[in-house]
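Peer 1: here are the coordinates; sequence isn't available:
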């Protein structure tokens, strides 16, 4: 999934304008606060007692009638209706030491003993988002453990869930068995809010262009990353899911990257492999160089959108999201790194 970035507050014309690296946003000083509730399903799950597993599994279904089936099916890939099997399998999963699940589950409870900071960050982001789009649903966020199998889930009732076992730190040893090194960068506690907010945006504002060129995809992703950066009080590199060094590389070589894309005329190509190399997560962006961070197409798209918004003070975030003309945004961004 795509990642997210995160101001100094000044008062201007009755609005509290937040600025980060020249960006602007339009949130009033006083807004109707939206509270995001984090439900600790992981704690309830990890309380299953082996000798009383059938009763405890039934209790979980009673306490979480909507989430429990989705957790079993989406996160664990099991059959939610087979409660007899679950009564046998869940204790084995919880206490497995061969694959490190028991150690991991114990660390999850220690690392995330207090989630008030994440809850506060999410509440602020959705307070801002609901100011822009009052009709949107503020999700309840369930936490779970998945045996390194899932990060963010989207539930049928428009709520969300997050696998805490996937955010224990880039240096957590058991990740070496399940992911590539380049994927570990975003497997940190600090990335949870960004993953949830960016995931919510991409789910609720899908790609709607009639064209599938690289440019259209870059501008679409760049728009959502720009909006995401106004919702979260985080450095831009965190919103993007980069290290500071990766972001600095992009800043340093922005002109060369853009010139290479223009020289190769990549913007108007529709080849799926080309789009994948520019937009998807990977060790690096192969179309540019082995030193280039991944998802450079999204990063450049974000820069174009940023330039467009700087040149059009009259354009709101809602106007930006509703504008599906990528060529117009590029042309009127006057983007020239």
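Peer 2: Perfect, I can see it now. Predicted, not measured: the structure shown is a model, and the values here were computed from it.
Peer 1: from what I see, residue 64 and residue 42 are in contact.
Peer 2: No - at 11.4 Å, residue 64 does not count as touching residue 42 under the criterion of Cβ atoms under 8 Å. Any C-beta I mention is one placed from the backbone N, CA and C, and that applies to glycine too.
Peer 1: which of the two has more neighbours?
Peer 2: residue 42 (23 against 17; other Cβ atoms under 10 Å).
Peer 1: find the residue closest to that one in space, skipping its chain neighbours.
Peer 2: residue 143 (4.7 Å; Cβ to Cβ, 6 or more residues apart in numbering).
Peer 1: now the helix or strand where the one you found lies: average pLDDT?
Peer 2: Here residue 143, judged by DSSP states H and E, is contained in strand 141-144. Averaged across strand 141-144, pLDDT comes to 98.
Peer 1: which residue is nearest the middle of the protein?
Peer 2: Nearest residue to the geometric centre of the chain (Cα atoms, centre = their mean): residue 195, 2.1 Å.
Peer 1: state the pLDDT value of that residue.
Peer 2: 97.
Peer 1: next, count neighbours for residue 36.
Peer 2: 22.
Peer 1: a helix runs through it, doesn't it?
Peer 2: No - Residue 36: not assigned to a helix; according to DSSP: H, G, I helix; E, B strand; the rest coil it is coil.
Peer 1: is it correct that it is in contact with residue 140?
Peer 2: Yes - Residue 36 is within contact range of residue 140, at 7.5 Å (criterion: Cβ under 8 Å).
Peer 1: which residues touch the closest residue to residue 189 other than its chain neighbours?
Peer 2: The spatial neighbour of residue 189 that comes closest, neighbours along the chain excluded (Cβ to Cβ, 6+ apart), is residue 167 at 5.3 Å. If you count contacts by Cβ atoms under 8 Å, 6 or more residues apart in numbering, residue 167 has them with 151, 187, 188, 189, 191, 192.
Peer 1: test for you: state the pLDDT assigned to residue 167.
Peer 2: For residue 167, the model assigns a pLDDT of 98.
Peer 1: gap between it and residue 118?
Peer 2: Using Cβ to Cβ, to the nearest Å, residue 167 is found at 10 Å from residue 118.
Peer 1: shared neighbours, these two?
Peer 2: Jointly contacting residue 167 and residue 118 under the rule Cβ under 8 Å, 6+ apart are 189, 192.
Peer 1: domains in the chain, as residue ranges please.
Peer 2: Listed domain ranges for the chain are 41-110, 214-333 (source: automatic domain parsing).
Peer 1: any idea which of those is most buried?
Peer 2: Counting by mean count of other Cβ atoms under 10 Å, domain 214-333 has the highest mean neighbour count of the domains of the chain, with a mean of 19.
Peer 1: what about residue 208, how many neighbours?
Peer 2: When neighbours are counted by other Cβ under 10 Å, residue 208 registers 9.
Peer 1: let me know the pLDDT of residue 24.
Peer 2: Looking at residue 24, the pLDDT reads 68.
Peer 1: how much space separates residue 217 from residue 275?
Peer 2: 6 Å.
Peer 1: mutual contacts of those two, please.
Peer 2: Common neighbours of residue 217 and residue 275 (Cβ under 8 Å, 6+ apart) are residue 297.
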